[in-house]
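[1] The following comprises the amino acid sequence and a computationally predicted model.
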Amino acid sequence: MVVILETNRLILRTWTHEDADAAFMLWGNAEVMRFVGSSEPHKNVDATRRWLQWTIAYQEKHGFCRWAVVEMPSENIIGSCGFLFQDDESEIDLGYYLAPPFWGQGYATEAAKACLDYGFEKLKLNEIVATVDVRHLASQRVLEKIGFHFKEIRKADDMDDKVYLAVKPNDGK
């Protein structure tokens, strides 16, 4: 496990195979998955183990992924946040997911802002997109709060997604 970054309340780190049970509590939760892709939660921990294997390989190949979000005081995994390439690898997408007990406490904003800054500063990205189901208003507010701006509507899995864009700030250099 590698710690990627820390905030006041969170640690974002790479996933390990030992995270399967905690990850299943997230990816197997229908509420969490309601606005994600096909909206199908993982059926069992074996599906989550396969997802972890893919995620670990993705991190090794690209140097980023959607990392585990760990609450500092409890040391429990409460979500996932980070980057993935869009399907055609033309854009890097910021995404985040939290377990329901942690909704509405500012954790998504905190993790997403830290990742956005990491993307610009450490990964040297100039633009980052984020896609969100048009019905997921809370997630849209998080994106707007941390500096994303609405770009367009895209069809995905027979659903409409709002695409947001964040551009690296001009720091005068």
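    Thanks, I have the structure now.

[2] contacts and neighbour counts: CA atoms only from here.
    Fine.

[3] Now do K173, the pLDDT please.
    Looking at K173, its pLDDT stands at 52.

[4] And M1, by the same measure?
    86.

[5] which residues touch the residue nearest to it when sequence neighbours are not counted?
    Spatially, and ignoring its direct neighbours in sequence, M1 is nearest to T14 (5.5 Å; C-alpha to C-alpha, 6 or more residues apart in numbering). With contact taken as C-alpha atoms under 8 Å, 6 or more residues apart in numbering, T14 is in contact with 1-4, 56, 59, 65, 67-68.

[6] Considering these, which possesses the most neighbours?
    A68 (29 neighbours; other C-alpha atoms under 10 Å).

[7] For the helix or strand containing that residue, give me every contacting residue.
    Using DSSP states H and E, the element containing A68 is strand 66-71. Outside strand 66-71, the residues within contact range by C-alpha under 8 Å, 6+ apart are 9-15, 55, 76-84, 95-96, 111.

[8] C65 and Y58 touch, don't they?
    Yes - C65 is within contact range of Y58, at 6.4 Å (criterion: C-alpha atoms under 8 Å).

[9] Only the buried residues of the helix or strand of the chain with the lowest mean pLDDT, if you could.
    The helix or strand of the chain with the lowest confidence, counting by mean pLDDT, DSSP states H and E, is helix 30-33 at a mean of 83. Applying a neighbour-count criterion of 16 or more other C-alpha atoms under 10 Å, one finds 32-33 buried in helix 30-33.

[10] Repeat that for stretch 76-94.
    Within stretch 76-94, the residues scored as buried using 16+ other C-alpha under 10 Å are 77-85, 92-94.

[11] that's a helix at L116, yeah?
    Yes - looking at L116 with DSSP: H, G, I helix; E, B strand; the rest coil, it is inside a helix.
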